[in-house]
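Participant: I'll drop the sequence and a predicted model, then ask my questions.
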Amino acid sequence: AQSVTQLDSQVPVFEEAPVELRCNYSSSVSVYLFWYVQYPNQGLQLLLKYLSGSTLVKGINGFEAEFNKSQTSFHLRKPSVHISDTAEYFCAVLGRGGSYIPTFGRGTSLIVHP
Amino acid sequence: NAGVTQTPKFQVLKTGQSMTLQCAQDMNHEYMSWYRQDPGMGLRLIHYSVGAGITDQGEVPNGYNVSRSTTEDFPLRLLSAAPSQTSVYFCASRGLAYNEQFFGPGTRLTVL
């Protein structure tokens, strides 16, 4: 079984500032890792994913995340945020080889102020 | 491809009423799932299916039924609606060849 902890429920930040949204996971098997974004009143869409290879993963809208196996983390970063990045962000983990459905964290609300 | 579609977008029920939330996908995905989203609780898995005729319970299955008679459709039935079932419901699908899930736009349900 897997579990995901998103360490911050809410992250306020000013426009053009950098941001990091933290995600830690636990699993007894190797995993795939995902970040999803949910804009207000919409469904979730994939932001980026780590499957294998390079531990630095780039996604849409200038976001990137780094897989750290030793710290079991997959933090999401953006060097300069925009008002339009205001949304809910979910980290998810899927166990390799036999897991059907990913496990989601509780979400982090990113609030970008002008 | 329409992806994952959900109907209705909004629904208001009275306590004790029953209804079915519809979910369909046109990507021939094997795995389908239902989540509810409540403030501060993230996404909680209600039921899921790994193929036609095969379903299983998730984290919060009580008060909900599902069936999967075709690959495309995965309806969620509320047997006797309660105010605690007021929530936003999301359907998702995933294919064997993919690792990420594709989500529908959601159904916002209010039970009075």
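Facilitator: On my side now, so go ahead.
Participant: What distance do you get for the residue positioned nearest the centre of chain A to residue A:11?
Facilitator: The geometric centre of chain A, computed from its C-alpha atoms, lies nearest to residue A:35 (Cα atoms, centre = their mean), at 3.4 Å. Going from residue A:35 to residue A:11 by Cβ to Cβ, to the nearest Å gives 14 Å. Using the backbone N, CA and C atoms, a C-beta is placed for each residue, glycine as well.
Participant: Mutual contacts of these two, please.
Facilitator: Where contact means Cβ atoms under 8 Å, 6 or more residues apart in numbering or on different chains, the residues bridging residue A:35 and residue A:11 through contact with each are residue A:21.
Participant: Show me what stretch A:107-114 is in contact with.
Facilitator: So stretch A:107-114 is contacted by A:6, A:8-15, A:19, A:21-22, A:38, A:81-90, B:42-43 (Cβ under 8 Å, 6+ apart).
Participant: who are the neighbours in contact with residue A:48?
Facilitator: Taking Cβ under 8 Å, 6+ apart as the criterion, residue A:48 is in contact with A:34, A:35, A:57, A:58, A:59, A:60, A:63, A:64, A:65, A:76.
Participant: ok, these vs chain B, which is closest?
Facilitator: Checking these against chain B by Cβ to the nearest Cβ gives residue A:34 as the nearest, at 5.8 Å.
Participant: So that closest one sits against residue A:94, correct?
Facilitator: Yes: Residue A:34 is in contact with residue A:94 according to Cβ atoms under 8 Å; the separation is 7.3 Å.
Participant: ok, those two, which is more surrounded?
Facilitator: When residue A:34 and residue A:94 are compared on other Cβ atoms under 10 Å in any protein chain shown, the one with more neighbours turns out to be residue A:34, at 28 against 21.
Participant: Mind telling me what element the more buried one is part of?
Facilitator: strand A:31-38 (DSSP states H and E).
Participant: Spit out the contact partners of residue A:42.
Facilitator: Residue A:42 sits next to B:105, B:106 when contact means Cβ under 8 Å, 6+ apart.
Participant: Mind doing that once more with 7 Å?
Facilitator: Residues in contact with residue A:42 (Cβ atoms under 7 Å, 6 or more residues apart in numbering or on different chains) are residue B:105.
Participant: Distance check, it against residue B:104.
Facilitator: Per Cβ to Cβ, residue A:42 is found 10 Å from residue B:104.
Participant: Could you find the residue in chain B that comes nearest to chain A?
Facilitator: At 3.5 Å from chain A, residue B:42 is the closest residue in chain B, using Cβ to the nearest Cβ.
Participant: Skipping adjacent residues, who's closest to that residue in space?
Facilitator: Using Cβ to Cβ, 6 or more residues apart in numbering or on different chains and skipping the chain neighbours, the partner closest in space to residue B:42 is residue A:106 (3.5 Å).
Participant: Residue B:77 looks like it's in a strand, true?
Facilitator: Yes: when the secondary structure is assigned by DSSP: H, G, I helix; E, B strand; the rest coil, residue B:77 falls within a strand.
Participant: Please tell me I have it right and it contacts residue B:20.
Facilitator: Yes: counting by Cβ atoms under 7 Å, residue B:77 touches residue B:20, with 5.0 Å between them.
Participant: Chain A contacts on chain B?
Facilitator: The interface of chain B toward chain A, taken as Cβ under 7 Å from any Cβ of the partner chain, is made up of B:31, B:33, B:41-43, B:45, B:48, B:50, B:90, B:99-101, B:103-106.
Participant: which among those residues end up buried?
Facilitator: The neighbour count (16 or more other Cβ atoms under 10 Å in any protein chain shown) marks B:31, B:33, B:42-43, B:45, B:48, B:50, B:90, B:99-101, B:103-106 as buried among the residues of chain B next to chain A.
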